[in-house]
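J.: missing the sequence, but the structure's below:
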DNA sequence: CGAACCTCTGAGACCGCTCTGAGCGGCCGC
DNA sequence: GCGGCCGCTCAGAGCGGTCTCAGAGGTTCG
């Protein structure tokens, strides 16, 4: 079976081959970081730096999804979207956009089922949105039962943004939610504070790893409160999430 | 089973294959947004930019329904309608028309079973009208029980434009109604303000997401008033509609 | 022509979220 | 045992998201 580099089973096409994603951004550094994160999911990635080469790459790759910066040197996002749909009508598109440009020309994009994230974003956010898009579009094999993630008696419904432990509802802030999502996607696996910072916080976050400790403590208070602990500290290494039974 | 991108079961032909819809509009952006929204319903979409290519596409696609702009570069919509009926006599037609356009001729249309919406329209409106047309024409399989939607003790009858909670009638303004319809079509699913804006407000609406907050507060006053709340805010993400029991 | 309603804008208040800094306690090496 | 380091938690400041109110402008209907 196709797997991610973390050993977790990858989200694949229905036939088991890797999902294909095209990353389009004129900032080479950002494109590199993005494609790295997506490759880590076990997907097949190509990159392009402008609209024209994006179209060429799309024709060749026939991607299942495209991560597309709205601000491109040659064309605007809407035109690219149209061209992409003529190349592959069922392609999913995840737009990357500056925060203040949202109102600008993006209007109507989410209407077709496509989605967007605003810069600066976290890699987990991008990956999560893409997985959501691909799953809803029926391009991904249903290995798990949809948008539900389960570790021990801890359950996360990504679409409803709902977390329960032993059936009890747990309310989480956005950052807490994203941190827990990252932990749950990597159960029984030690994650360093740096790793967590790189994945869960925005790429331009200048702060310290201390924040991770703080949010872990928040999570413990809500997730482990009075119960068998699932979040464990590995001194000098990082944190692990494990089912309580173990 | 054929499903929409939201995971909800799609309205299909009686034989289970996707409904076929032809979108005819000379504005490529609008055609793109429309076909995106309809594709999202799990339907098979083709587009055309003028009357001649519309006819050609219709002959090839044999669509169940046509979304047709009245103002076309080469002919007017009514001529196209007549030709369409020679190609496929039982096709449903949804007209797109300017607000101040000829009321009399349009009136004749609705008598024939077809329908129309005035520009600028919201995508939810178009989708709802189309679903109504297809259902009434017997082209869609009745998977759900007709025009009735139920979430918890909240019931919406789309055709009667009537909403009740726990049996009590709730009076809603047009915008409130459409917002609630969108929420009810996506229960237990977090919807961002942008998503809501793109679907419920007209495509040319330039305003801010602030309006969504305002209308959510109106809805709460009417739907949740004094009862167990069903409309929940997910800070930083959007809103969810959930049965009170949960 | 007037009244009622609907929709949207703007302003203000509130409150939850995020992060900083500091202090404390426990773990490890010496 | 002792000092230093690592990790945990608390308290608080600043910020930004969200809610609500009041009112203007437009539309519909009587």
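T.: Structure's in. What do you need? These figures come from a predicted structure and were not determined experimentally.
J.: separation between the residue in chain A that DNA strand D sits nearest to and chain B?
T.: Chain A approaches DNA strand D most closely through residue A:217 (2.9 Å), counting by C-beta to the nearest atom of the strand. Yep, even glycine has a C-beta here, placed from its N, CA and C like the rest. Distance of residue A:217 to chain B, computed by C-beta to the nearest C-beta, to the nearest Å: 20 Å.
J.: Check the residue nearest to residue A:203 when sequence neighbours are not counted and give its pLDDT.
T.: Nearest residue to residue A:203, sequence neighbours excluded (C-beta to C-beta, 6 or more residues apart in numbering or on different chains): residue A:120, at 5.8 Å. Note on residue A:120: pLDDT of 91.
J.: hmm, back to that, mind checking which helix or strand the residue of chain A closest to DNA strand D is in?
T.: helix A:210-219 (DSSP states H and E).
J.: close to DNA strand C, is that helix?
T.: Yes - counting by C-beta under 7 Å from any atom of the strand, DNA strand C is contacted by helix A:210-219 at A:210-211, A:214-215.
J.: how distant is that helix from the center of its chain?
T.: Its chain's C-alpha centre and that of helix A:210-219 lie 21 Å apart, by C-alpha atoms, centre = their mean, to the nearest Å.
J.: hmm, who's touching it?
T.: Helix A:210-219 has contacts (C-beta atoms under 8 Å, 6 or more residues apart in numbering or on different chains) with A:172-173, A:175-176, A:179-180, A:183, A:193, A:196-197, A:201, A:231, A:233, A:239.
J.: tell me which residues in that helix are buried?
T.: A:211-212, A:215-216, A:218-219 (16 or more other C-beta atoms under 10 Å in any protein chain shown).
J.: Quick check: the gap between the residue in chain A positioned nearest to chain B and residue B:187.
T.: Residue of chain A nearest chain B, by C-beta to the nearest C-beta: residue A:112 (2.3 Å). Relative to residue B:187, residue A:112 is positioned 21 Å away (C-beta to C-beta, to the nearest Å).
J.: okay, those two: which has more neighbours?
T.: When residue A:112 and residue B:187 are compared for neighbours, residue A:112 comes out ahead with 23 against 18, by other C-beta atoms under 10 Å in any protein chain shown.
J.: quick check: domain ranges of chain A?
T.: Domains of chain A are assigned by automatic domain parsing as A:20-136, A:148-241.
J.: average pLDDT across the shortest one?
T.: Domain A:148-241 carries an average pLDDT of 95.
J.: residues in chain A within reach of DNA strand D, list them.
T.: Within chain A, the positions adjacent to DNA strand D are A:193, A:210, A:213-214, A:216-217, A:220-221, A:233, A:235-237 by C-beta under 7 Å from any atom of the strand.
J.: Most widely separated two among those residues?
T.: Across those, no pair lies farther apart than A:221 and A:236, at 23.5 Å, counting by C-beta to C-beta.
J.: If you count surrounding residues, which of the two has more?
T.: Between residue A:221 and residue A:236, counting by other C-beta under 10 Å, residue A:221 is the more crowded of the two (11 against 6).
J.: Torsion angles phi and psi at that one?
T.: With angles defined as degrees, to the nearest 10, residue A:221 sits at phi -60, psi -30.
J.: Equivalent analysis for residue A:51, please.
T.: According to degrees, to the nearest 10, residue A:51 has phi -60, psi -40.
J.: list the contacts for it?
T.: By C-beta under 8 Å, 6+ apart, the neighbours of residue A:51 are A:24, A:72-75, A:79-80, A:83.
J.: One more: residue A:165?
T.: By C-beta under 8 Å, 6+ apart, residue A:165 lies in contact with A:153-155, A:223, A:227.
J.: Can you flag which of those belong to helices?
T.: Assignment to helices by DSSP state H places none of the contacts of residue A:165 there.
J.: Any of those residues buried? List them.
T.: Buried among those (16+ other C-beta under 10 Å): A:153-155, A:223.
J.: so which of these would you say is closest to residue B:168?
T.: residue A:155 (34.0 Å).
J.: partner residues bridging the closest one?
T.: Going by DSSP bridges, residue A:155 is paired in beta bridges with residue A:150, residue A:164.
J.: all strands of chain A, in order?
T.: A:20-24, A:44-48, A:65-69, A:92-98, A:115-119, A:148-151, A:154-157, A:162-165, A:168-170, A:231-234, A:238-241 (DSSP state E).
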